[in-house]
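*Asks:* Below is the structure, and that's it, no one-letter string:
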């Protein structure tokens, strides 16, 4: 292209040398592709899209809670029409994204079999679609838990409309199902959409029982292999994390090991508490705010911080 | 509808059984409505809308700070035209949302009196409208406080354009007025819009004096019954929370009790400090970072953490 | 205008007295302008715009990572066309914003020289444009660091698409360059866009080496004068802050002093740790979670919290 | 408002005197309202909206021809969901517009009875909704007529997608039904939307049988009281107009008299022909291009222009 | 750029050779610029924009008829706020477009004096702004003329909402003023926007008195130097055109001569009539449909076509 | 779906019986499919889209005339980037539409061979892409012809920005190429987009030489098999049509026969003239306004209407 520009032979007192910047960026991309051992092939962008998934989750959310999170002009007598039309669009869009992820997986593992991908994507989306009623039922239990657990809550509708914890759980329950069905990258994107909007960071691999309530939520982190029972309640800035990352003989991180806590039914964990490693917090235990827990806690235990050592530095 | 589909009698190798998923979701909704004792009535969605309130707050923000947060092409000689037009639209939209909330309140309390709702909504919006100059004045004091309190701030304009603490306070001062006037659900939605955007979670019930400055802000939580004086400064991850939730004789949470701190004028609370319960932090006191405070603090006191017990685990 | 309304002489049972509210707001604005010693001049809004910068950063992000963050329908054979066209638009828009900031700076310092501003803006944008390849190269190192540092990461593409730490670093590396080149207000807006989206608050003044990895990220705060070496890793809620703010003889904050930590190469700082003041964390040191550090740490040191003092309050 | 501006007392070298222009426009509006005997009442705009009707017709068109004029991503197995959802929204929006027209009618006739309007609007929309299958059937006959009448047509789908005559008939058949049911203003707006898009101007009052085909269409005008039989074909620039407008004793136009042609079954009228007045064009007649017809034409007649008198002005 | 692509050295089986097409287009543009004697200068597009003018006319239309063509949610008590805000934006946007046209004019005449352009643009926009009340008054007379002249019209509001003739006159009265003030290119764009939407083609140079009514309108053409009196009525496909185009001694068209008809007050011209050349149609004359008139017509004359010579070709 | 609705058993006083309307429409569609012998297959909409083609033509128009019809913020030094990026997107979108048309053709002819369609679509788009420079060259000749032929034209830029004849020719030259290459349905949609916007109806099959100028244009109709030489000029409402449509032995229209005029170089045809049938208008001939021509016209002839027979019906 440069020569067609040069042929015109006119002086150009441009703001910056665009050609040079474009060329510089091409060089860096080229170095990256070589370093990552990627061949340059013609063809389109082959990655799932954050915007596409955002639209899909919006559609699913409306289909799950039509009269409260659906369109403003919806009427109850046409709920099912709305749901059918919305799901049809959302699930077909999901099918497209699933194919992109499966192709991306295969590109990294080697062989790419388009027919197998097509079949696998169909099965995945069908299974996902048929999970939606169960997902709605779990989310109903989360809404009730929030209403019952927060003295400031005035109605179940307020909880569904306002609470960031519920927003995070809608995303999580969708993401977790995608993760289980073999689409971990889509699942991660769905989770990060909620993380960005709420400050609540739940890895889609985490397994969470019914009636889960996150209050306030900013700063909550729940790791990939965490397992959480029923009716558990956590507050802002709670971390259920990994203690350390084992490495293999080559010094690379071992991926996929169970490394996050097991939290049994009816546990409450107050704000800022940090629970690290594959420890078990026994049924009905309470973990006080800001605590740092790296060991098992017995069922029914009630841990609280010893009185903070403050120093009054005033004269 | 299913039968009209069946009548066509064509084979359909669909991606998933849409009819079945729609039916499954209808069943779950039906169970929810029964459990929540909601009758199924025809009619539209009767809940306030997050999107509508987001647009309303955008309009109010522009009307409050026209030359800095208003439209890019605004000129000072037509400020008042812009403000009048924008307020007119925003306040009438607010009127619509207020009616939705009042109807929702009545549905839960029983009797629904449309004429009374109309009158109550009119009064509420009128009172709110006439509060706007006072709200602007309070926000001006917050901007000055931020400018004077942050060594990185270069101008009051930078503070208004960039600081998440200011964004949160614009929402809070609007939300708090709505809360006082009897629209707690709208107030909560306004507050959560700011929470999502800034990570600062201020319950609209909290009462906050002039010149309030929140620096950085992510993770700040201020509870419903907190009362904060003038010229108070807090940093990221500060919690002004409740210590415990008293329950009534039936084990239900008692709602509405004063359960959050009283913070007097000129207090500074550093990052990560947690103040819980109906305690009083006396005028001019300083609370050090990461402290955990569940008792009254005397005026002028300067609490700081005793030196952290670290262990150097290196050989 | 009021008289043209009055002349019509019709009764008006309006929802609220719009004229009065508009007049009330004009009075408050007038008081603000007097207090801030701003004369009222005709003319347009003269401040940079958050929305404009958001669009500019979107364009830059697409140009930096065309096949992964660019448009969905992009194909590799037309990457350079896309980049050239996108950069051209983004950089000219940036030029407009830079002029607005430079004018704003001059308004505060006194003399306004439009020709000098024009020249300065041209130089700034040209220098910025020619930095883009180097910025891409630094970001590539950040992506690799995240992939290698997180056992949950499945591919470098997942990291770029999903990780909020990467999103924050794209903004930071752009913002830091703008800060260095003399556009601190634009830089701050770019930084706050990332802060709002990720909960990661990095002041654009902070200097950060290659291969920086922020995991989870919510609540991270990095101050204006912090200096961070290569291959450093930090977790959520880590603060690299200032200890105190020195004031000058008049009690005003001294602005611009070095007051945040120096973090050397290969340091790891776990979640919730707070490092305050101009201290040095030596090369290769590890700071445990939730620690509060206000002193220098030796190279290779491995600080961890002494066992948390918990009290089991159960009977 | 003007005084709040003046109070600020700053010089303003504005581009134009906005206050004066606004005042000038208010004066003209006031003169119009007095001339039209309209009192000035508070309240909103009370007229139907061209944009709203455009969206309604788009919805109806999609519901009538889902797989050809509906959304690109529609699949046959979810047609009915799409139709139900789309109709529900379109018909409720239509209900709102019908109410506006009925109120506008009453304002001009005197008494305004809101409950009667509500009831009348409900009946009107219900009757309209139940006419939709018959409208679709008529339109199918128009599509077939176009396909069979035009040697350039390749398929019925091409006709539906491309032919402006079909676009005009979709609008007309909808508009005519609205006209019959008592919403002539809405009907007129729907007709003018087609007029603007196709240059075909059919008054919604015109009664048109099945299998009507308009080829090319630009400049066709069909008047309010025209009656057209089955399988009629007309070409561009054909006028079926009124000959003269009778006036009453006061010199005012008599409105509503039958004043346009009766065109019987199987008539063909070629381009540019003008038929004026309440004349009858007998079954099967053919009217040649550019003819000017103001008298009855017998069934089966074949009128053509006598050879045009041309003058060859060349030397 | 091509070489940066080639450097990557990967095979590319692209759909088409994009580089070659881009180069081919550059060559044609280059030939055009040479043929048109245009030097290639850096810089942006320097032509007015159809989209910008469309938005400007939308704004003006709303400001002229706020309660009927303004926003749906407008209320009478805030009309003036809406008008002031809308005019301010529209007139400043117009100012930008005027500057572009004046620069374009100067480029063609030679010298370009930016300060003079600025001053001329200011004067032009100020004069235009202060013409708006008079334009509204003329348009009111057009609305009344349409209502009184069409037996199908039910109310003045229907006329304003629906009639393409009114839409064309709103554009024409705006365009004519711009033409008079020295912005003929902007005027032409405004006129063509109406031409595209209505099929009515009025050159902005045409001078048209009050109470002008165009019925149906498709195919109407009114030339640049036509002069039309008060209360004139024309129907679809009427042409007021030029008879021949005189050329100068070099065979070039003489531009700017008066070459279109003078139509005096109270004339009616029926559909399809063609009036050519600088002839005068006397006050109160009537021109019948489809007539071809190239000579003066006396006041009060009533021309009609002799009976059309039809031939009944039926056996 | 109906039964899931019924199962809820609540009374529903709906505005209309949506289920019944949906079922009624399904029945009509079913009758249509049976009548058209279309089987009902699952799958998406398989027809090209008017909206998609509108976007494609917008892209092509910008790529053909970047500095005049491209984006407002384009600068000459980045023209080629813009063109490359825009063409890439437009041509790939065109590829998708071509595939849809080819499939639609095969569905009607019988066998559907997906691989052949793919190959044919690739060839078609490649050939189209490489025609673009020639199309631009032809359009340049049309612009010059308009500028030289219209005394009201002030510059070639005004012609390109404003003249509907040019807009129609941009569409026609694109549509004609698509028609030649075997995509007649896409071609027809492109042509109808221009017809709707300008009132100029040129069938994409028409063959038109360089330097074609259509003035005013509303009502022009040019038929499928018309052949037009170089430097031809036509005015509004000119028809180049077919005289009669021959039918085959079964009474069906014979499709595809040459049935429209041959117009040689340098012919001028004035407004409203109608030329019908496969006649030849010889080089340099002039056809006067409103003439009706169904026979050959000799080269250089100058036909004009004999003086119109008017009757002055005044007393």
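*Replies:* Yep, that arrived. Just so it is clear, the model here is predicted, and its values are computed rather than measured.

*Asks:* which residues does the spatially closest residue to residue A:234 that is not a sequence neighbour contact?
*Replies:* What sits nearest to residue A:234 in space, not counting adjacent residues and going by Cβ to Cβ, 6 or more residues apart in numbering or on different chains, is residue A:269, at 4.6 Å. Where C-beta positions appear, they are placed from N, C-alpha and C, glycine not excepted. Applying Cβ atoms under 8 Å, 6 or more residues apart in numbering or on different chains, we find residue A:269 in contact with A:232-235, A:238, A:263, A:275, A:281, A:286-287.

*Asks:* try 10 Å
*Replies:* By Cβ atoms under 10 Å, 6 or more residues apart in numbering or on different chains, residue A:269 lies in contact with A:220, A:228, A:232-235, A:238-240, A:261, A:263, A:275, A:281, A:285-289, A:291, A:293, A:303.

*Asks:* likewise residue A:158?
*Replies:* When contacts are taken as Cβ under 10 Å, 6+ apart, residue A:158 is in contact with A:146-147, A:150, A:152, B:47-48, B:101, B:104, B:184-185, B:188-189.

*Asks:* Could I get the phi/psi values of it?
*Replies:* With angles defined as degrees, to the nearest 10, residue A:158 sits at phi -60, psi -40.

*Asks:* Taking the stretch 151-300 of chain A, what residue is nearest to chain E?
*Replies:* residue A:161 (23.8 Å; Cβ to the nearest Cβ).

*Asks:* Tell me, how many residues neighbour that residue?
*Replies:* Neighbours of residue A:161 under the rule other Cβ atoms under 10 Å in any protein chain shown: 22.

*Asks:* how far away is it from residue C:217?
*Replies:* Computed as Cβ to Cβ, to the nearest Å, the residue A:161 to residue C:217 distance reads 27 Å.

*Asks:* Buried residues, the one helix or strand residue A:130 maps to. List them.
*Replies:* For residue A:130, the element it lies in under DSSP states H and E is helix A:114-149. Buried residues in helix A:114-149, counted by 16 or more other Cβ atoms under 10 Å in any protein chain shown: A:117, A:120-121, A:124-126, A:128-129, A:131-133, A:135-149.

*Asks:* and it, what other elements does it pack with?
*Replies:* helix A:50-64, helix A:79-109, helix A:156-162, helix A:164-180, strand A:213-214, strand A:233-234, helix B:18-35 (3 or more Cβ pairs under 10 Å, 6 or more residues apart in numbering or on different chains; DSSP states H and E).

*Asks:* mind listing what residue A:223 touches?
*Replies:* Applying Cβ under 10 Å, 6+ apart, the residues near residue A:223 are A:201-203, A:205-206, A:239-242, A:258-261, A:275-276, C:151-152, C:216.

*Asks:* Point me to the residue of the stretch 101-250 of chain A nearest chain E.
*Replies:* Closest approach between the stretch 101-250 of chain A and chain E, counting by Cβ to the nearest Cβ: residue A:107, at 15.7 Å.

*Asks:* my guess is that residue contacts residue A:37, does it?
*Replies:* No: under the criterion of Cβ atoms under 10 Å, residue A:107 makes no contact with residue A:37, lying 11.5 Å away.

*Asks:* Which of these two has more residues huddled nearby?
*Replies:* Counted by other Cβ under 10 Å, residue A:107 and residue A:37 do not tie: residue A:107 has more neighbours, with 14 against 6.

*Asks:* measure the more buried one to chain F for me?
*Replies:* 21 Å (Cβ to the nearest Cβ, to the nearest Å).

*Asks:* Not counting its neighbours along the chain, what's nearest that residue?
*Replies:* residue A:46 (7.6 Å).
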